[in-house]
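Enquirer: structure for this input, please:
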Amino acid sequence: MNYKKPAFWVVVVAIVVMAAVFIGLMSNPQKEQLTVEDYANKFIEETIASYGTGDYYFDIAETKITKLEKIASLDGMLPSTLEIWSLEYRLKPEDMSKVMLAGGMNEIDGWITEEASMGKPMLVFSYEDAAPQYLGTIWSGETDPSTPAGQEIALRSFLEGKGLLPHEIYSGGHVVVKFPLSTGETCQLLLSQPIVQGNHGIWCVERWMDGNGTMYYVTPETDIVIAQYYKALQSEVDNGHKPWLMDPLQVALDWIKNDLGQWQVSIDDLVPEYSATVEDFLETPESRFIGFISNFDIDKFSKPSFHLDQIEWLTSEDSERLKELNIDPDDLPNGFYIHNPDNYPMFHQVTEDTEYSTIVLGEGVTHSSVTMKEFVKHLEQFSGFAPPFWIVTKDGYVQSITEQYVP
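Expert: Predicted structure coming up:
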């Protein structure tokens with residue numbers, strides 16, 4: 001038997017199907033694809049929202065984007081293309097008199113600009129299926145985006161901070177080189193071979209770290225991309241020019257002198273660690289100073305602190321340095337010489353883990369471990385000349401204080 005469904009039944013089924021599709025779309029809507037301008041407006045909205053908190057609240061009456069420009073497009077760092085967009089905008093407060101221009105804020109003709117203490121914002125995007133994905137913001141004051149090399153370093157710093165890239169630009173062998181600044185602080189460099197690994201490859205300083213553990217990226221001074229720059233240098237070496245680029249210590253010394261301006265550093269001051277890893281470099285170096293301690297205060301700051309007037313402690317073994325100071329190494333009345341041309345005390349803080357060691361006189365000269373309060377009491381006994389102390393610092397804090405014996 002043939003049975004034909006009535007027409008109204010087909011219509012009902014169609015309506016039910018369309019309703020189900022509509023309900024499905026509402027419960028699981030397609031992901032909204034935002035444009036670069038949409039993200040820029042979101043950034044501005046978030047900035048405005050930050051002005052609506054705290055003691056300096058003010059309302060914004062009008063906004064406008066004055067510049068939204070792609071300044072860089074880079075491939076190879078991540079699987080997708082990366083772009084940097086420069087953003088400039090203006091915010092019109094309802095009452096400019098209520099606005100306190102703090103934190104690098106700027107005002108032009110009654111409009112607040114995009115400027116902040118970190119410079120101007122630059123938005124970073126990756127691309128998936130031709131749609132921009134906002135990754136975050138980098139700031140012009142923290143990098144130099146005016147060259148391809150600067151743009152690459154800015155992006156790498158940003159991506160490493162996000163955990164999207166390792167803390168090394170070039171894989172393979174590394175050399176970590178420690179060296180002293182003129183202040184006595186110990187810093188270190190991470191050297192890598194950017195093109196060729198082995199005896200014939202050139203070396204470069206890819207980043208360095210100060211005594212407080214702050215890391216800085218090195219941007220080559222070039223108008224071309226970094227890979228092309230180092231390929232050109234490698235080609236020069238392959239053709240017999242600049243052979244010193246194959247010696248990591250010579251590369252390190254050249255960078256320390258010409259980029260940091262530390263001309264007093266010599267090759268003998270460098271302490272290399274060959275076959276090093278990135279983890280070796282990320283370990284903050286220790287700095288060792290000697291000087292006179294004053295103003296040891298337990299209660300004034302969040303952590304107890306003191307001032308150190310740094311000196312040079314020289315003995316007859318420091319003959320070269322003594323000759324530089326026109327002092328006869330054989331003419332030291334007590335076997336030592338204190339060189340203290342400048343009285344400029346440096347601020348230091350201790351922690352609950354700082355170790356203290358003072359001189360104990362008996363049959364010989366020994367050191368005794370004491371508490372912080374015992375150490376402060378020890379300092380108070382010196383009414384005239386106080387002995388110098390050696391201090392070791394790391395990560396911005398004093399690790400140990402040791403009294404120097406003065407004959």
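Enquirer: so Asp309 sits right up against Asn295, yeah?
Expert: No - between Asp309 and Asn295 there is no contact under CB atoms under 8 Å: 10.4 Å. In this view, the C-beta of every residue, glycine as well, is placed from N, C-alpha and C.
Enquirer: more neighbours: the two, which one.
Expert: Asp309 (15 against 11; other CB atoms under 10 Å).
Enquirer: so where does the more buried one fall, helix or strand?
Expert: strand 305-310 (DSSP states H and E).
Enquirer: please point out which parts of that strand sit buried.
Expert: Ser305, Phe306, His307, Leu308, Gln310 (16 or more other CB atoms under 10 Å).
Enquirer: starting at the chain centroid, how far to that strand?
Expert: Relative to the chain's own centre, strand 305-310 is displaced by 25 Å; criterion: CA atoms, centre = their mean, to the nearest Å.
Enquirer: who are the packing partners of it?
Expert: strand 287-297, strand 346-361 (3 or more CB pairs under 8 Å, 6 or more residues apart in numbering; DSSP states H and E).
Enquirer: who touches the first one?
Expert: Contacts of strand 287-297 from elsewhere in the structure, counted by CB atoms under 8 Å, 6 or more residues apart in numbering, are 184-186, 211, 304-313, 340, 345-346, 375-376, 379, 386, 388-394, 401, 404.
Enquirer: try it again at 7 Å.
Expert: 184-186, 211, 304-311, 313, 345, 376, 379, 386, 388-393, 404 (CB atoms under 7 Å, 6 or more residues apart in numbering).
Enquirer: do stretch 138-148 as well
Expert: By CB under 7 Å, 6+ apart, stretch 138-148 touches 71, 84, 118-122, 124, 150-151, 153-154, 157-158, 219, 223-225.
Enquirer: look up phi and psi at the nearest residue to His307 once chain neighbours are set aside.
Expert: Among residues not flanking His307 along the chain, Pro345 sits closest, at 3.5 Å (CB to CB, 6 or more residues apart in numbering). Per-residue torsions, Pro345: phi -60, psi 140 (degrees, to the nearest 10).
Enquirer: how many residues are close by Pro345?
Expert: Residues near Pro345, counting by other CB under 10 Å: 15.
Enquirer: tell me the spacing between it and His174.
Expert: As judged by CB to CB, to the nearest Å, Pro345 and His174 stand 37 Å apart.
Enquirer: for Val392, what are its contacts?
Expert: So Val392 contacts Glu286, Arg288, Gln399, Ser400 (CB under 7 Å, 6+ apart).
Enquirer: my guess is the first one contacts Lys394, does it?
Expert: Yes - contact between Glu286 and Lys394 holds when scored by CB atoms under 7 Å: they sit 4.8 Å apart.
Enquirer: of these two, who's got more company?
Expert: Lys394 (17 against 14).
Enquirer: pLDDT weak spots in this protein?
Expert: Within the chain, the ranges that satisfy pLDDT under 70 run 1-31, 52-56.
Enquirer: among the contacts of Val392, which one has the most neighbours?
Expert: Ranked by neighbour count (other CB under 10 Å), the contacts of Val392 have Ser400 at the top, with 19 neighbours.
Enquirer: for stretch 157-170, buried residues please.
Expert: Ser157, Phe158, Leu159, Glu160, Leu165, Glu168, Ile169, Tyr170.
Enquirer: end to end, how far does that stretch reach?
Expert: 14 Å (CA to CA, to the nearest Å).
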